[in-house]
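[1] have a look; sequence and predicted model below, questions after that.
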Amino acid sequence: MRHLSCWATVALQLLYHVGPATAAAVPGHRNHIGGNTGRIAPRVFIISMFTPESEAWKTSMVESGTGNLTDTKIDVPGLSMLYPQVLCTADKSVCQVTAGESEINAAASTMALVLSDKFDLSQTYFVVGGIAGVNPKYSTLGGVALSRYVIQVALQYELDAREKPDNFSTGYFGYGTKGPNEYPTTSYGTEVFEVNDALRNAAYGFAQKAKLADSAAAAEYRAKYREAGLEYVAATEGPSVVKCDTATSDVYYSGTLLSEAFETVSKVWTNGTGKYCMSAQEDNAVLEVLVRGAIQGLVDFGRVVVMRTGSDFDRPPPNITAYQHLMADQNGFATACANLGKAGVEIVRGILQGWERTFQKGIKPTNYIGDIFGSLGGQPDFGPGSQTNGTGYAAAPVQARAQMRTRGFRGASVVRRRI
């Protein structure tokens, strides 16, 4: 089990169980400098994970004329000790928080932001952006991916591969199951999230306007994948913007066997729909907080964009071992950081320029959005279905909420184990 600090745990529990926010807590009308609430109401909030990512955004914002994120600095209690301030442009239309790396840091920092009384985030678009490992089947070093699904692939039982049964393809298998490639029968609620695909399509159109960076050194490492033939042709090409999905794991994994195992997990857990192409450490943690905030009316989960850029391949090219590949300088880090800012700023600019015409009222989702529980309402198109009969947690009867909290979510005959 992963544990947050004491204050964060209390905040999470309170937010999930007190019920929906009152109307007074979420005003219907305001502008990006605070409106009638006196709080800062950004139109776009960038969520970065560590310094190189946040610096890439700052550089691209200034170079594009979109604004300077260092013009306004706001202390927010509960943020990472390394990144204790939110940064905003002078007019506060765009802000950035650096959450810190790993699921625990990302959850704690994002919760501090969502619960802060300094912001009104009810109409804010969140761009969750960072660098990532990249699947050579779908993208390349410096490539940009916009996700519909994020999958917490390491939330499973694990056997050391040297001790797994001979008929197992991997040492990972879902909770409550007896082997790989089965859907978990015990869920924690954070296994899969789905974001607004209509918004993703709009962001994709904006991001394609970016002139992406590249380097000869990155191209040299990409060329090693040519021997693999058509399967890895995407790896050999220059950076582009693609639509595919993100796997979240605190484990920095490398190698064909692990990558293919998590690729399969991503497909199985999204009922065959998800296409894993980026690996990251934080996305499920951030989205869990945003779901909980949306239950309370503090944020709009339909306004979330998930973007990752490839800094290193998740599996080696032919004739290179997994260890050699992990230790090698693949020369994609700088390119990935640069393209995070270059593609990201086009998304930010598109939202700002289209605010009055399109984005203020929001882009209506054409797909299910939310978590595996159906916490925001509707029926998930993955997993076993809504745990509130489609109403969502906030609209569920009090008794139904109590039953959900008491039983958790597990199969009828499954004993929840921690190993």
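    Nice, thanks for sending it over. Numbers count the residues shown, from 1 in each chain.
[2] L87 pairs with what?
    When assigned by DSSP bridges, L87 has beta-bridge partners K73, Q96.
[3] average pLDDT for stretch 204-221?
    The predicted model gives stretch 204-221 an average pLDDT of 98.
[4] one more: stretch 180-189?
    Averaging pLDDT along stretch 180-189 gives 93.
[5] and that stretch, what's buried?
    With burial defined by 16 or more other CB atoms under 10 Å, the residues of stretch 180-189 counted as buried are P180, N181, P184, T185, T186, S187, Y188, G189. (Each C-beta comes from the backbone N, C-alpha and C, glycine too.)
[6] so the third one, which of the three states?
    Using DSSP: H, G, I helix; E, B strand; the rest coil as the criterion, the local structure at P184 reads coil.
[7] tell me where this structure has strands.
    If DSSP state E is used as the criterion, the strands of the chain fall at 44-48, 72-75, 85-88, 94-98, 125-134, 144-147, 149-151, 157-158, 172-173, 192-194, 241-243, 245-248, 276-280, 304-313.
[8] tell me which of those strands sits nearest to G38.
    strand 72-75 (13.7 Å; CB to CB).
[9] tell me the mean pLDDT over the closest one?
    When pLDDT is averaged over strand 72-75, the result is 98.
[10] ok, stretch 270-277 next?
    Confidence over stretch 270-277 (mean pLDDT, whole number) is 96.
[11] what sits closest to A202 if chain neighbours are left out?
    I363 (6.2 Å; CB to CB, 6 or more residues apart in numbering).
[12] and which of the buried residues of stretch 180-189 is nearest to Q281?
    Comparing the buried residues of stretch 180-189 against Q281 with CB to CB places Y188 closest, at 17.0 Å.
[13] which residues touch the closest residue to the closest one other than its chain neighbours?
    Once flanking residues are discounted, Y188 sits nearest to L155: 6.4 Å by CB to CB, 6+ apart. Contact analysis of L155 by CB atoms under 8 Å, 6 or more residues apart in numbering lists Y175, Y188, T190, E191.
[14] burial of V76, as a residue count?
    Other residues lying near V76 total 18 when counted by other CB atoms under 10 Å.
[15] wait, doesn't it sit right on C88?
    No. V76 is beyond contact range of C88, at 11.3 Å (criterion: CB atoms under 8 Å).
[16] OK, contacts around the residue lying farthest from the centre of the chain?
    Distance from the C-alpha centroid of the chain, by CA atoms, centre = their mean, peaks at D166 (34.4 Å). Residues near D166 by CB under 8 Å, 6+ apart: none.
[17] what bridges to the nearest residue to E263 once chain neighbours are set aside?
    Computed as CB to CB, 6+ apart, the closest residue to E263 that is not its neighbour in sequence is Y276, at 4.8 Å. The partner list for Y276 in beta bridges (DSSP bridges) reads D245.
[18] tell me the contacts of Y276?
    Neighbouring residues of Y276 by CB under 8 Å, 6+ apart: N135, I151, V153, C244, D245, T246, A247, F262, E263, S266, K267.
[19] list the contacts of the fourth one.
    What it means is C244. Shown in contact with C244 (CB under 8 Å, 6+ apart): N135, Y138, S139, A145, S147, K275, Y276, C277, M278.
[20] gap between it and K364?
    23 Å (CB to CB, to the nearest Å).
[21] re earlier: mind putting the buried residues of stretch 180-189 in JSON lines, distance to E101 included?
    Shown next, in JSON lines, are these (distance: CB to CB, whole Å):
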{"residue": "P180", "distance to E101": "28"}
{"residue": "N181", "distance to E101": "30"}
{"residue": "P184", "distance to E101": "26"}
{"residue": "T185", "distance to E101": "31"}
{"residue": "T186", "distance to E101": "28"}
{"residue": "S187", "distance to E101": "25"}
{"residue": "Y188", "distance to E101": "21"}
{"residue": "G189", "distance to E101": "23"}
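[22] which residue ranges of the stretch 1-150 of the chain form helices?
    6-17, 51-63, 103-115 (DSSP state H, counting those that start in this stretch).
[23] ok, now the stretch 301-419 of the chain?
    Under the criterion DSSP H, counting those that start in this stretch, helices of the stretch 301-419 of the chain are mapped to 322-327, 333-353, 398-407.
[24] so which of these gets nearest Y252?
    helix 322-327 (8.2 Å).
[25] any idea how far the residue nearest to F119 when sequence neighbours are not counted is from Q281?
    What sits nearest to F119 in space, not counting adjacent residues and going by CB to CB, 6+ apart, is I40, at 5.2 Å. Separation of I40 from Q281 (CB to CB) stands at 28 Å.
[26] pretty sure A107 contacts L287?
    No. The pair A107 and L287 fails to qualify as a contact (CB under 8 Å) at a distance of 9.9 Å.
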